[in-house]
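# turn this into a model:
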Amino acid sequence: MTDLTGAVWHKSSYSGAEGDCVEVADNLPDLVAVRDSKDPYGPVLAFAPGPWRQFVRGVRRGSEL
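Modelled structure (predicted):
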């Protein structure tokens, strides 16, 4: 289990106005955490920083996953 005690969460700029919000904590060492803002105590996805940066670059370019 990953310790997220020091996580600083912020909403993604890609979140929708209807409440479809994703929050990201990228201040943790060797970890980027992602969660649903409507369920802050729910599950969290954890990524290594490198793959997360590749994913974000692909989204910005409009790449299909």
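# residue boundaries of the helices in this protein?
Secondary structure of the chain (DSSP state H): helices at 49-61.
# can you list the low-confidence ranges for it?
Applying pLDDT under 70 to the chain flags the ranges 1, 13-17, 19, 63-65.
# could you redo the last one with a cut-off of 80?
Regions of the chain meeting the criterion pLDDT under 80 cover residues 1-2, 12-20, 63-65.
# residue boundaries of the strands in it?
For the chain, the strands defined by DSSP state E occupy 10-11, 22-28, 31-36, 44-47.
# save those as TSV, and put in distance to Val59 too.
Using the backbone N, CA and C atoms, a C-beta is placed for each residue, glycine as well. Formatted as TSV, the strands of the chain follow (distance: least, Cβ to Cβ, whole Å):
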stretch	distance to Val59
strand 10-11	15
strand 22-28	11
strand 31-36	12
strand 44-47	13
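# indicate which one of the ones you listed is closest to Thr2.
strand 44-47 (5.5 Å; Cβ to Cβ).
# in terms of secondary structure, what does the closest one contact?
With contacts taken as 3 or more Cβ pairs under 8 Å, 6 or more residues apart in numbering; DSSP states H and E, strand 44-47 sits against strand 31-36.
# got the buried residues for the strand it packs on?
By neighbour count, with 16 or more other Cβ atoms under 10 Å as the criterion, the buried positions of strand 31-36 are Leu31, Val32, Ala33, Val34, Arg35.
# now, which of those residues sits nearest Pro49?
Using Cβ to Cβ, the buried residues of strand 31-36 come closest to Pro49 at Val32, 5.7 Å.
# give me the neighbour count for Asp26.
The local packing of Asp26 (other Cβ atoms under 10 Å) involves 17 other residues.
# touching, it and Ala46? I think so.
No: if you go by Cβ atoms under 8 Å, Asp26 and Ala46 don't touch, sitting 11.4 Å apart.
# need the residues touching each of these two.
The contact sets of Asp26 and Ala46 overlap at Val32, Ala33 (Cβ atoms under 8 Å, 6 or more residues apart in numbering).
# the closest residue to Thr2 other than its chain neighbours pairs with what?
Leaving aside its sequence neighbours, Thr2 sits nearest to Ala46 (Cβ to Cβ, 6 or more residues apart in numbering; 5.5 Å). As for beta bridges, Ala46 partners with Ala33 under DSSP bridges.
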